[in-house]
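Asker: got a predicted model here, sequence first, then my questions.
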Amino acid sequence: MPVRDALTPDTQLQTIAKSVTLNPKISILNRRGFIVGASSAGSIAALLLTSQMAFAESTFDSQAAGIAPTPAQGASQAFTEALAKILGQATPKENLLIVDLPELAENGNTVPYELFVESPMTDTDYVKTIYLLSTANPQALVGTFSLVPASGKAQVAGRMRLARTQDVVAIAELSSGEFLISTRRVDVTIGGCGNE
Amino acid sequence: MTGKARIKLPENPAVGDVIEVRALIQHVMETGNRKDANGQPIPRNIVNKFTATFASTPVFSAEFGPGISSNPFIAFHMRVPGPGEFVFTWTDDKGEVTVERTPMLVG
């Protein structure tokens, strides 16, 4: 009996927890039921809409898949060569290197960039080098930044030139030999690099 | 061609803090892609190398291409090992080297 007594507060808590978690579910169901009921008259319209959305999604997916292996379409010869020189045979991991750039740069002469990799920066696990590349400037390699464990944080910032609207690519080389890659598109209103 | 250097450090950081170091130097960063009024190409002259040491230990270095903006600015990080002196160097295509020494106190 004392055991059961000891359990009662727990079971009480459980029932309270259940009612709390169940109640919103009920309200959601009710809302859903309400929405379905309301839209049943226009169900054909709803079906059309969802199929359109599905179509849009599938085309987007295929586009993304097409872009993914080659980070920059329409990239310069100089860029392709620089990329091959850095990566060698390595396959870089995507989206772990954070590239902060404006979506729209009015002046291509000074575009602020910030590159960041989440890393413990210890003697055995750190970011060795970060490369900043342009896919449409006359020279592809914009900057090479060498870090050490004493850097404490794998973050570099500065200002770059962009000749015109293009993809900017950053690559990080880790102490493990792994590579990270990220691409950001920047729309440039007035190009930098002067008259070429 | 190289002008004044400017360094920005946090005031009295504690030992073990990761601080941001900001360094800027006045320089034209001539890309070599431009032509003068007579149609003659203007030779390239950029700051191609930047290094930073703290208490004689290298903490950061960068190689710049013509895609870096004029008056190149760079921000990087360092874990503070104790008090010491930063030595920053910028080297341009003409071989001109600018050295800036900045002591840092630790709070």
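Answerer: Perfect, I can see it now.

Asker: how much space separates residue B:15 from residue B:58?
Answerer: To residue B:58, residue B:15 is 19 Å away according to C-beta to C-beta, to the nearest Å. Yep, even glycine has a C-beta here, placed from its N, CA and C like the rest.

Asker: ok, residue A:186 next?
Answerer: To residue B:58, residue A:186 is 32 Å away according to C-beta to C-beta.

Asker: of the two, who's got more company?
Answerer: Shown here are residue A:186 and residue B:58; by other C-beta atoms under 10 Å in any protein chain shown, residue A:186 has more neighbours (21 against 13).

Asker: the helix or strand hosting residue A:116: what's the following helix or strand?
Answerer: Residue A:116 is part of strand A:111-117, with elements assigned from DSSP states H and E. Using DSSP H and E, the helix or strand that directly follows strand A:111-117 along the chain is strand A:127-134.

Asker: helices of chain A, start to end?
Answerer: Per DSSP state H, chain A carries helices over the ranges A:2-39, A:43-67, A:77-87.

Asker: and those, which one averages the lowest pLDDT?
Answerer: Between the helices of chain A, the lowest average pLDDT goes to helix A:43-67, which shows a mean of 39.

Asker: so residue B:5 sits against residue B:101, correct?
Answerer: No. Contact between residue B:5 and residue B:101 fails when scored by C-beta atoms under 8 Å: they sit 10.2 Å apart.

Asker: what is in contact with these two at once?
Answerer: residue B:88 (C-beta atoms under 8 Å, 6 or more residues apart in numbering or on different chains).

Asker: those two: who's more crowded?
Answerer: Neighbour comparison, residue B:5 and residue B:101: the larger count goes to residue B:5, with 17 against 9 (by other C-beta under 10 Å).

Asker: just to revisit the earlier point, how about the strand holding residue A:116: buried residues?
Answerer: A:111, A:113, A:115, A:116, A:117 (16 or more other C-beta atoms under 10 Å in any protein chain shown).

Asker: also near chain B: which of those, exactly?
Answerer: Counting by C-beta under 8 Å from any C-beta of the partner chain, residue A:111 from the buried residues of strand A:111-117 sit close to chain B.

Asker: pick the one among the buried residues of strand A:111-117 closest to chain B.
Answerer: Closest approach to chain B among the buried residues of strand A:111-117 (C-beta to the nearest C-beta): residue A:111, at 7.6 Å.

Asker: thanks a lot, see you next time.
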